[in-house]
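Asks: After the sequence you'll find the predicted model.
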Amino acid sequence: MKLNSRAIASLLTGDVQADRIVPPTGFTAQLTIFVSGAMAFLVVFALALSLATGRLAERWGNELAQSATVRITAPQDQMAAQTAAAVRVLETTAGIETVRVLSLEEQQVLLAPWFGPDVPLADLPVPQLIEVVQDKPGYDAAGLRLRLQAEAPGAVLDDHTRWRTPLVHAADRLRLLGWVSIVLIGLTMAAMITLAANAALAANAQLIAVLRLVGAKDNYIAKAFVRRFTLRAFVGASAGMILGLAAVFLLPSASDEGGFLTGLGYQGRHWLLPMVIPFAAAVVAFSATRFAAQRTLAELA
């Protein structure tokens, strides 16, 4: 019995006589619905985590890759001359779109989280910062460093590579963890449904023996169990998906102040992806129940 168009039509239409084989209520029915709902609820969050970390890795990579910082450390009487020389070098470098010298107030805002808002930068030997934004082709970082060293010895180019690489790597690992969690949740659901189907088949061993005596084939008996457990999994997963989406919808929206923890929801067309979860749960239940039915019926033969 394969999950093709004929099998799907059989699952939807069913067989009234065959459905009587499987008890509509009881422990196995409740367990299947509960497990499917709980697993679907967890998959909604695991999928949200994976998608959010994917967006985070892309944003970090793009933002840090397109920007760079030139730090000028020089005596106070040489600071203006070296800053002007560095700006000339940067403005004549191919691949650089904009160059902007940060003002004293902007640097004070950057240092405020560490030294407070009232730090007297004018009285401190604070390096001058220059913001550099590259265009699409980019620039030759090694060549630019050599030019800066020749024209402005106190200038140091920071292209954010040492910050970008570990951040993007960490975000990619989190995304992978989200997908691994989804796979583990699916395997756990398959194991639980298999146990529930085995229990239901074993509990109806006498009924199965009678059906065999009157000429019922094992495939006919298995279809009844597969259909009932597949529909239960679909209903439970649908309820779990709805609850999960409601919980995700109530999470705080993305913001710069909140950082990563406020961007865990879905965005745009990604809200449609959880709709696949009930159908995926039905496929898992179909496969698990079919496996359990085939093995148990062979043991009862």
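Replies: Sure, I can see it.
Asks: element containing Leu110, please.
Replies: Assigning secondary structure by DSSP states H and E places Leu110 in helix 104-115.
Asks: now for the next helix or strand after that helix, which elements pack on it?
Replies: Per DSSP H and E, helix 104-115 leads on to strand 128-134 as the next helix or strand towards the C-terminus. In terms of contacts (3 or more Cβ pairs under 8 Å, 6 or more residues apart in numbering; DSSP states H and E), strand 128-134 is packed against strand 67-72, helix 76-91, strand 96-101. Just so you know, the C-beta spots here come from the backbone N, C-alpha and C atoms, and that holds for glycine as well.
Asks: quick one: buried residues of strand 128-134?
Replies: By neighbour count on 16 or more other Cβ atoms under 10 Å, the buried set for strand 128-134 is Gln128, Leu129, Ile130, Val132, Gln134.
Asks: How about stretch 85-93?
Replies: In terms of neighbour count (16+ other Cβ under 10 Å), stretch 85-93 has its buried residues at Ala85, Ala86, Val87, Val89, Leu90, Thr93.
Asks: Counting neighbours, what do you get for the nearest residue to the fifth one once chain neighbours are set aside?
Replies: Counting by Cβ to Cβ, 6 or more residues apart in numbering, Val99 is the residue found nearest to Leu90 once chain neighbours are left out, at 4.4 Å. Residues contacting Val99 under the criterion other Cβ atoms under 10 Å number 18.
Asks: which residues pair with Val99 across the strands?
Replies: Here Val99 sits in beta bridges with Val132, going by DSSP bridges.
Asks: on that earlier part again, turn the buried residues of stretch 85-93 into CSV, including pLDDT and distance to Leu272.
Replies: Written out in CSV, the entries for the buried residues of stretch 85-93 read as follows (pLDDT from 0 to 100; distance: Cβ to Cβ, whole Å):
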residue, pLDDT, distance to Leu272
Ala85, 90, 54
Ala86, 90, 49
Val87, 90, 49
Val89, 89, 50
Leu90, 89, 45
Thr93, 86, 45
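Asks: Tell me who's in contact with the residue most central in space within the chain.
Replies: For the chain, Ser50 is the residue whose C-alpha lies nearest the centre (Cα atoms, centre = their mean; 0.7 Å). Residues counted as contacts of Ser50 (Cβ atoms under 8 Å, 6 or more residues apart in numbering) are Leu174, Arg175, Leu177, Gly178, Trp179, Ile182.
Asks: still on that earlier bit, which one among the buried residues of strand 128-134 gets closest to Ile33?
Replies: The nearest member of the buried residues of strand 128-134 to Ile33, counting by Cβ to Cβ, is Gln134 at 55.1 Å.
Asks: Angles on the backbone of Ala280, please.
Replies: Note on Ala280: backbone dihedrals following degrees, to the nearest 10 are phi -60, psi -40.
Asks: Would you check that it makes contact with Gly186?
Replies: Yes: proximity of Ala280 to Gly186 meets the contact threshold set by Cβ atoms under 8 Å, at 7.3 Å.
Asks: quick revisit: redo the buried residues of strand 128-134 as CSV? Include pLDDT and distance to Gln149.
Replies: Shown next, in CSV, are the buried residues of strand 128-134 (pLDDT from 0 to 100; distance: Cβ to Cβ, whole Å):
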residue, pLDDT, distance to Gln149
Gln128, 87, 16
Leu129, 88, 18
Ile130, 88, 15
Val132, 87, 16
Gln134, 81, 19
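Asks: Any idea which of the helices and strands packed on strand 128-134 gets closest to Val156?
Replies: Among those, the nearest to Val156 by Cβ to Cβ is strand 67-72 (4.8 Å).
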